[in-house]
Every structure is written in C-alpha cells, then in structure tokens.
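Asker: The sequence isn't on hand, but the structure is:
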C-alpha cells in the first residue's frame, strides 16, 4: 500500500481541490446557484480524500453529505458534476435531485443511490456488498457515515447483518464531535465509536482523520481485507468541523473558544508541510497546484452557467412508466 511520489502529490492536489471547491460552493450557494443544501467539508479534507483514494475500480461507495471530491476521484467529470450542482439538464442528476448533499447515484463510478435520511444509506451499501459476495466480484463497498449516524437503528442492523454474513464492506465513521448541534459526548454511550465493533464481531479502530496518509493506509487495509473475504470492518476517523453544520445553521451552540480550537490543526497545511520536508513540494509547486485547481473550477462553473434548465420531459423521465 506504499504510495509513489506522484501519488503523494496527487493526494495533495485532491485535498487542495476539496478545499477550493468547498469555498466556491459556499459562495455559489449564497448566490442562489446551487440547487441543494450545502454542508462544508472544511477541516475534513484528509478524511474524505484519503478514504476515497483507497477505492479501486469495481468497488462501490456511499458518500455522506460533506465533501465533493470523492465523486471526482472516482472518475466523474468536473463539468458534469458542477452542472448537476446547478440543477442543469446536462449535469449529474439532470436537474432532478439535490446532488450536492444527498439522493444521487452513478453506477458507472460505483456511486450507490441513497436517500437523505441520516443513517439509512448504509443499509443500501450493505445490500451492495451482499450482491458483490454472491457474484464473487472480489470488490468491496465503502460507506461514509457521520458520527450522528452511529446511533441509528438501521446502521446497527446493517452492521450486524454484514458481520453475520462476512460481507465485503467497510463502515467509515467520520466523527467531528457534533450531530448538528448535539455533541457526540451527549448522544453516544462510548468514548469511541470503534468500541462498538466488538459487539458485532468485526475489527474496529479509531485514527486521526486529519492525517491523510493514515486515513488512506487504514481504509486501504480494511478494504483489502474485505475484498479478500475477511468480512466487514469499522473505521472511525476523528476530525474537527471548522464551520457550522450547514450553511443555514447559526452555530450558536458552540463558543468562540470551541470554534477556534476546531481550526487549530489544518489538514491541508499539515500534509503540505510533510511534502515540503520530503522535498516533494515547494512554494512554486504549491502555487501551480492551486492555480490549476482554481482554473479547472472556474471553467466548470462557466460551463454550468451556460447549460440549460431541465424541462418537464426531463423531470418526469424515469418517474412514470409510459407505453403498453
């Protein structure tokens, strides 16, 4: 699972893209261009990128509501995705569903369709893992879940079912310490979500989700074990939520000190420093990567602006059966 220098730099590029994309989506949402809710991924970039980078062709995944680069890492075109965020006919979802946060699927890249109810998508992921096992596919499913989802009944049922049948699935809990406004210490009976893994007979571990290489290595190992018939695993990654829960959350439940503490560690800057130390990155390289990501995002936004609004025929396509 060792990464070549080019891959180490690619991880950094994706983290920068995640950061810049998030900042631009925030602005675009406030301009009324994003046809969905917006949940910022700031502070979570190492967790989302490191986990997504561990997926292989043929694997399936269910993302959660934070972070958009997982779609791009798995092969979705940036123009197509941004047009989908804008609710345009030429984009992902063709304007029929809020692809920015929930309820979207794209079989070609392994993205499983899911629903917006917190905790329900993992059951879909477990079903996909069962299908993989029955078909002897040799692939695995990665399920992203926030810490609040850990307390849902359907998540527990899915984990138990996966463990009983030794399904090729990894449950990735991204724990930022808050379920919207409720602290995890108030809503969860254990100090670490990974402690629950033993109750299902599967391995569980908790790692620092601000370390992109640690996330990649841990999730890669769990997926490799699943693909090889070892059954499910639970991986908990701890992160800090820099912003409010969503763009319409006033964040009045956190103190200024708590908000400041959340930003104490910057996962992008931490990884950037590591690459500098290894001699893989310098100031010019950093500027080049940021410039390239910025330009790609601006081009995709321009493309989306020029796309068309969905018509009634498009909106009803696939909803009602037509003909005899």
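Answerer: Sure thing, it's come through. Source: prediction; values computed, not measured. Numbers count the residues shown, from 1 in each chain.
Asker: For residue 88, give me its contacts.
Answerer: Going by Cβ atoms under 8 Å, 6 or more residues apart in numbering, residue 88 touches 94-95, 304, 307-310. (C-beta placed from N, C-alpha, C; glycine too.)
Asker: for residue 11, that is, sorry about that
Answerer: 3, 49-50, 53, 212-213, 216, 271.
Asker: Not counting its neighbours along the chain, what's nearest residue 245?
Answerer: The spatially closest residue to residue 245, leaving aside those adjacent along the chain, is residue 180, at 4.6 Å (Cβ to Cβ, 6 or more residues apart in numbering).
Asker: make that residue 95, sorry
Answerer: Per Cβ to Cβ, 6+ apart, closest to residue 95 is residue 310, 3.4 Å.
Asker: Equivalent analysis for residue 67, please.
Answerer: residue 48 (3.6 Å).
Asker: I'd say the one you found and residue 73 touch.
Answerer: No. Using Cβ atoms under 8 Å, residue 48 is not in contact with residue 73; the gap is 9.1 Å.
Asker: ok, those two, which is more surrounded?
Answerer: Each of residue 48 and residue 73 has its neighbours counted (other Cβ atoms under 10 Å); residue 48 has more, 30 against 21.
Asker: roughly how far apart are that one and residue 306?
Answerer: To residue 306, residue 48 is 29 Å away according to Cβ to Cβ, to the nearest Å.
Asker: what helix or strand is the residue nearest to residue 67 on?
Answerer: Assigned by DSSP states H and E, residue 48 falls within helix 45-52.
Asker: what sits up against the next helix or strand after that helix?
Answerer: Sequence-wise, the next helix or strand downstream of helix 45-52 (DSSP H and E) is strand 60-62. With contact meaning Cβ under 8 Å, 6+ apart, strand 60-62 is reached by 52, 55, 70, 74, 110-112, 114, 121-122, 124-125, 128-129, 132, 139-144.
Asker: Which residue is the nearest non-sequential neighbour of residue 89?
Answerer: Per Cβ to Cβ, 6+ apart, closest to residue 89 is residue 310, 4.4 Å.
Asker: burial measure for the one you found, as a count.
Answerer: 19.
Asker: That one: what's it in contact with?
Answerer: Residue 310 sits in contact with 87-89, 94-96, where contact means Cβ under 8 Å, 6+ apart.
Asker: switch the cut-off to 10 Å
Answerer: Going by Cβ atoms under 10 Å, 6 or more residues apart in numbering, residue 310 touches 87-91, 93-96, 316-317.
Asker: And residue 182, by the same measure?
Answerer: Contact analysis of residue 182 by Cβ under 10 Å, 6+ apart lists 147-148, 151, 188, 253.
Asker: which strand residues sit across from it in the sheet?
Answerer: In this entry, residue 182 is beta-bridged to residue 179, by DSSP bridges.
Asker: And the strands in this structure, which stretches?
Answerer: 60-62, 141-146, 169-175, 178-179, 182-183, 204-208, 233-238 (DSSP state E).
Asker: The longest one versus strand 233-238: what angle between them?
Answerer: Using axes from the mean of the first three to the mean of the last three Cα atoms, to 10 degrees, one finds that strand 169-175 and strand 233-238 are set 20 degrees apart in direction.
Asker: centre of the chain versus strand 169-175, how much separation?
Answerer: Counting by Cα atoms, centre = their mean, to the nearest Å, strand 169-175 is centred 10 Å from the centre of its parent chain.
Asker: coming back round to it: list only buried entries from the contacts of residue 88.
Answerer: Among these, those classed as buried by 16 or more other Cβ atoms under 10 Å are 94-95, 304, 307, 310.
Asker: Just put the residues you listed in JSON lines and tack on pLDDT.
Answerer: Formatted as JSON lines, those follow (pLDDT from 0 to 100):
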{"residue": "94", "pLDDT": "86"}
{"residue": "95", "pLDDT": "82"}
{"residue": "304", "pLDDT": "96"}
{"residue": "307", "pLDDT": "96"}
{"residue": "310", "pLDDT": "90"}
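Asker: Out of those residues, name the ones that lie in helices.
Answerer: residue 304 (DSSP state H).
Asker: which one among the buried ones among the contacts of residue 88 gets closest to residue 44?
Answerer: Closest approach between the buried ones among the contacts of residue 88 and residue 44, by Cβ to Cβ: residue 304, at 24.2 Å.
Asker: Can you pull out the low-pLDDT segments for the stretch 101-250 of the chain?
Answerer: Within the stretch 101-250 of the chain, the stretches with pLDDT under 70 are 101-103.
Asker: what's the residue closest to the geometric middle of this structure?
Answerer: residue 63 (4.2 Å; Cα atoms, centre = their mean).
Asker: quick one on the thing from earlier: just flag the most distant two among the contacts of residue 182.
Answerer: 151 and 253 (18.1 Å).
Asker: These two: which has the busier surroundings?
Answerer: The neighbour count for residue 151 versus residue 253, taken as other Cβ under 10 Å, is higher for residue 151 (18 against 14).
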